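Undergrad: next come a sequence and a model predicted from it.
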Amino acid sequence: MKHKGTQKIETKRLILRPFKLSDAEHMFKNWANDSNVTKYLTWPPHESADLTVKLLTEWIPLYKNADYYQWCIEFKDISQAIGSISVVNISEETEAVEIGYCIGKAYWNKGITSEALSALIKFFFDDVGINRIQAHHDVNNPNSGRVMAKCGLKYEGTLIQAARNQQGLCDICVYGLIRQDYDLACKNHRYML
């Protein structure tokens, strides 16, 4: 893998970019304080914008690391941070990354998360040179799995009580895509970005 760090990536409707401290207000308002958004995540909703500021203060210095990947999802129409998408796990040995994401409830079911994930899939295969990309979701959150499937990740199985989130121990559905299948889909013009 040739780590590139959190590069700015632009899609039709989105700008994926490093977070700035000035994103704290929109991050708090648009998703970080919403228990509906964090229900299946590992962290609780932020009780105040101060917690959001503190988190961003911890993240921002990490952008100097080439293997740190944490994007703000900015919606071009309103020039606001509406979600985040990041690498939650890297395996150098298997040349794999695991992606996690969350987005404000007002932006659910609009194809925004799929657009962001598709852009990162292309970035990681084409620019970083990974061999595998994967993601997982709580079995009780099937909409997240639909995002993964829409982006070409294949369902690989369910792991029983393999994770913990705001609901406690949970079963997770695992999805993955390997370079061979990505390259074949691109060659046959079946991979949509």
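TA: Looks like it arrived, so ask away.
Undergrad: so who does Thr42 touch?
TA: 163-166 (Cβ atoms under 8 Å, 6 or more residues apart in numbering). Bear in mind the C-beta positions are built from the backbone N, C-alpha and C, glycine included.
Undergrad: can you list the weak-confidence ranges in the protein?
TA: 189-193 (pLDDT under 70).
Undergrad: which residues of it fall in helices?
TA: Assigned by DSSP state H, the helices in the chain fall at 24-27, 35-38, 49-59, 112-122, 142-150, 179-187.
Undergrad: if we can go back for a sec, let's see which of the contacts of Thr42 end up in strands.
TA: Among the contacts of Thr42, the ones falling in strands (DSSP state E) are 163-165.
Undergrad: just the buried ones from the residues you listed?
TA: Asn165 (16 or more other Cβ atoms under 10 Å).
Undergrad: report the buried residues of stretch 44-52.
TA: Those buried within stretch 44-52 under the rule 16+ other Cβ under 10 Å are 45-46, 51-52.
Undergrad: relative to Leu21, which of those residues is nearest.
TA: Thr52 (9.9 Å; Cβ to Cβ).
Undergrad: correct me if wrong: that closest one contacts Asn30.
TA: No. Thr52 is not in contact with Asn30 according to Cβ atoms under 8 Å; the separation is 10.4 Å.
Undergrad: residues near Glu95, how many?
TA: Neighbour count of Glu95, defined by other Cβ atoms under 10 Å: 16.
Undergrad: do the one 5 residues further on as well
TA: The burial count assigned to Gly100 is 16, neighbours taken as other Cβ under 10 Å.
Undergrad: what does Val88 give?
TA: 16.
Undergrad: cool, and Pro61?
TA: For Pro61, using other Cβ under 10 Å, the count is 9.
Undergrad: quick one, strands of the protein?
TA: Going by DSSP E, the chain shows strands at 9-10, 14-17, 70-75, 80-91, 96-103, 132-138, 154-165, 168-178.
Undergrad: residues touching the fifth one, excluding its own?
TA: The one in question is strand 96-103. By Cβ under 8 Å, 6+ apart, strand 96-103 touches 31, 37-38, 41, 69, 73, 82-91, 112-113, 116-117, 120, 124, 128, 130-136, 147.
Undergrad: ok, it: who's next to it in the sheet?
TA: strand 80-91 (antiparallel), strand 132-138 (parallel) (DSSP bridges).
Undergrad: what do you get for the first one?
TA: Using DSSP bridges, the strands paired with strand 9-10 are strand 14-17 (antiparallel).
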